[in-house]
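Undergrad: Structure here, sequence nowhere to be found:
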């Protein structure tokens, strides 16, 4: 059921102020209309989250894992209504959204397994040394505790996997943090369905109501009120650079500044090394255009920059990529706003006097459709204008022609922080690639070889992060098991009576977690 | 040898602008005078650090550990000149500085053992699943890499253990980061001796010169230039709230914002629970005053706030503490500036109309001496004026008299973030203490029972951190083995040829580190 509600803990509210969502494929306004939550709903949700924090953060790994699994079940139980609504609100095709639902449920289950396994607690014990001279050592025990209530801002481009019950919510709940979601106004119906699913899981799990609240809205003031609320102790965000930086500023200006994990902007350089380009440039071109245009290019990891040494092989690559792009179908973008930003970005590149347009995709009949764009420029021109390195969200890329590997290195070194960098390389490219690895590694969260950056595996080793502005905190990942660490902080307990210790560091180890003693791992008692 | 030099990598420079240090015990100006490094020295040091980064961050654990041990040896090799100079520049007594040298050397050796052990790499492998449907999984390998060159600002109150070769430098070097130290102007001779020791270790270890630079100076402009330099990727600082926040602002305003780990301000509440207070209030009072006045109270963990329920037992505690303080000797403070700030803070409390002065320590003959101060106030007054909760750096504390445990809870909940909280508790206090643990744990980095917060063990389980303003980043510790994580960031390698992988995640595991595969720990091959 979708009726435009605000979910303040267990309480269902309706606001007088309303907003609507639009089907970007048709321009049609969808029903129903939605409550636009205001600052008072935000304050109430944050207060409930703070009230729920002590009990929720003290849940056992088993109870918390079962709760995450219950959310996954409740999402699946919505059935096809969820997919239909998400299709209508995002313009994304059914197969993509079914896959995304699988990913959403899969990451909730992954975090359930992570919570049960217990390494995230980093339980560390330095036993007392009463006879040490000149001074005895006290008993010292360190454990990771939940940071506090977390504000989550969903992304428009993943209405399921990075929205209401997406990666940020899953990892924050896994860490023991209540979550206040600011619903994305582009998919409020989808958001409400998922919020009600989480609500049902909270109830069924017997958890305090404040563990989860959902605040739909379209005003900046709503997001500002949530981030400024003293109860909130961290923020997860995926979206634009401007939006992320606004939240960073609010968080830094609080009486108690808090961490913001904003995943913002990346052009994901792809480096075509000479031997690979020579051997399989045309196949690469087709695969590249596929990655570029997938989902209208609306991925954080969309390949927006191609670097290679000028050569006949590069000419052939550009020709083949241009041909593939010319044949590409237009695709509906997520919102009219995203579409118009894309067009502005593409127009700016097309009109830049150092940039040549290689090709544009097919123009369609529908509204809000991305028409793919491929440009090229010389390295010198690219290095001379930083604007050429800014993200154009959507299927737009620029091929930058370099004189030699050293110039490729200079271009890479000039780039801002990135989520990914891709090496297209063959056996003969290994020495060139090896020389670039340290330069690239210092600027990205993930380096991949002979694949394409779109498609982010949700696993233990994934890093979806990177130095600024890829994210506002390059020490973290927003995808994969390690995302839980964003919402934890270490606390040391010195000589506390055993009965007062958190279970993970109590003498009897009732949760059976692996611990470190004197810096060395104990065998896991499991 | 001390001649006032700047150490820009291996290059020794002298600047025309000079400054001097003062013996705080006598007011006498010490010789020689010192170079005041300028922005151009800072730029050169940062450029050298950036140049050294690829090679230094790629050193093997064994080489890096041996380097840390070599620094420890070189510091010991300075001999008594180091102790004598530190005594003259800080007013601290010989025994304290000899102990601090031991701690400095000990923490370098601890980080050497941490580096060798390898858990800090968090090597994590999700092997390829080529047959997985619907999509194969690529090979994914995650490892922690050094964040880049680090700027270190030493503390005045630990001229050895938290200055040039102190905890921040040791943990940054352990992580693989070159270090640029901004020397503290209160102990430039001590700083130069230690800087030359590090320099000698860099040379002897055959490392690139830019691994370490030392920039003495007394201007804010010098620190600003270092933090603003694009080569610097993180900052370690211990000092005042004003100083720390200034660096946070500069770091946040950079084109690429960077993390700042500033350890700033804490009043370290001590809670006297009723049964313990009744049973041993007088013994507690003596021990409390000892902790309060140790080192003129110039510890970040100095107990500046005592909370207890008003009772005859508390009256007896206050009387006994007042008597002990009245008998306490004055002690030279680190600098004339710190002394005058202390006097201003104490005067403000003494003149506050809701605060009563319990006792002052003995007044001495010397200059810059802290005269201990003990105040008391009601919880209501404390809650009404946040200024009463601000740190007065030095031996000043306030006893806050509460009506009941609930009011103690409200006072704790009103506090800003703290490095520590102390429970003085007996068997009969366990239920009261248990109820306070979650409230306290949310606000501090360390909770200790039946000890005093001064004296910070350097070990694996220590947390010397806490929410703002105890530190600018409550997800970290600046003391103990876990401090290394501040200067690392995760990078994922997807399908990279084995020969291009960092050794920690290469198939053959040449460094023999423990790794996680599919989220489960492999047995360490060692």
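TA: Cool, got the structure. Since we're looking at a predicted model, the values are computed, not measured. Residues are numbered from 1 along each chain as shown, chains lettered A, B, ... in the order given.

Undergrad: For the longest helix along chain A, what is the distance to the chain centroid?
TA: Ordering each helix of chain A by length in residues (DSSP state H) puts helix A:94-117 first. From the chain centre to the centre of helix A:94-117 is a distance of 14 Å (CA atoms, centre = their mean, to the nearest Å).

Undergrad: what's the average pLDDT for the next helix or strand after that helix?
TA: Counting by DSSP states H and E, the next helix or strand C-terminal to helix A:94-117 is strand A:124-126. In this model, strand A:124-126 has a mean pLDDT of 98.

Undergrad: What is the subsequent helix or strand relative to strand A:124-126?
TA: strand A:140-146.

Undergrad: Is chain B within reach of the next helix or strand after that next one?
TA: For strand A:140-146, the following helix or strand on the C-terminal side (DSSP H and E) is strand A:150-153. No: on the criterion CB under 8 Å from any CB of the partner chain, strand A:150-153 is out of touch with chain B, staying 13.1 Å away. Backbone N, C-alpha and C define where each C-beta goes, glycine included.

Undergrad: How about residues contacting strand A:150-153?
TA: Strand A:150-153 has contacts (CB atoms under 8 Å, 6 or more residues apart in numbering or on different chains) with A:164, A:166, A:168-169, A:172, A:177-182, A:184, A:223, A:226-227, A:229, A:232-239, A:243, A:247, A:487.

Undergrad: How about the residues of the stretch 51-200 of chain A by chain B?
TA: Proximity of the stretch 51-200 of chain A to chain B (CB under 8 Å from any CB) is limited to residues A:53-54, A:57-58, A:113-114, A:117, A:119, A:124-126, A:135, A:137-138, A:140-142, A:145, A:147-148.

Undergrad: if we go to 6 Å?
TA: By the rule CB under 6 Å from any CB of the partner chain, the part of the stretch 51-200 of chain A lying against chain B is A:54, A:124, A:126, A:137, A:140-142.

Undergrad: Over to chain A?
TA: So chain A meets chain B at A:54, A:124, A:126, A:137, A:140-142, A:252, A:256-257, A:433-434, A:437-438, A:441, A:446-449, A:451, A:457, A:459-463, A:468, A:474-475, A:489-496, A:500, A:519 (CB under 6 Å from any CB).

Undergrad: circling back: which ones among the contacts of strand A:150-153 lie within strands?
TA: Among the contacts of strand A:150-153, the members falling in strands (DSSP state E) are A:179-182, A:234-238.

Undergrad: Find the pair from the residues you listed with maximum spatial separation.
TA: Distance extremes for these: the farthest pair is A:180 and A:238 at 15.9 Å, using CB to CB.

Undergrad: Which residue, neighbours along the chain excluded, lies closest to the residue of the stretch 251-400 of chain A found nearest chain B?
TA: Of all residues in the stretch 251-400 of chain A, residue A:256 sits closest to chain B, at 4.9 Å by CB to the nearest CB. Spatial nearest neighbour of residue A:256, chain neighbours left out: residue B:468 (4.9 Å); criterion: CB to CB, 6 or more residues apart in numbering or on different chains.

Undergrad: what do you get for residue A:157?
TA: Here the residue nearest residue A:157, using CB to CB, 6+ apart, is residue A:298, at 4.6 Å.

Undergrad: Verify the stated contact: the one you found with residue A:156.
TA: No: with contact defined as CB atoms under 6 Å, residue A:298 does not reach residue A:156; the gap is 8.1 Å.

Undergrad: which of the two has more neighbours?
TA: residue A:298 (26 against 23; other CB atoms under 10 Å in any protein chain shown).

Undergrad: Residue A:331 versus that one, what's the distance?
TA: 9 Å (CB to CB, to the nearest Å).

Undergrad: Give the pairing partners of the worst-scoring helix or strand of chain A on mean pLDDT; include direction for each.
TA: Here the helix or strand of chain A ranked lowest by mean pLDDT, DSSP states H and E is strand A:520-521, holding a mean of 89. Strand pairing for strand A:520-521, determined by DSSP bridges: strand A:516-517 (antiparallel).

Undergrad: Alright, that wraps it up for me.
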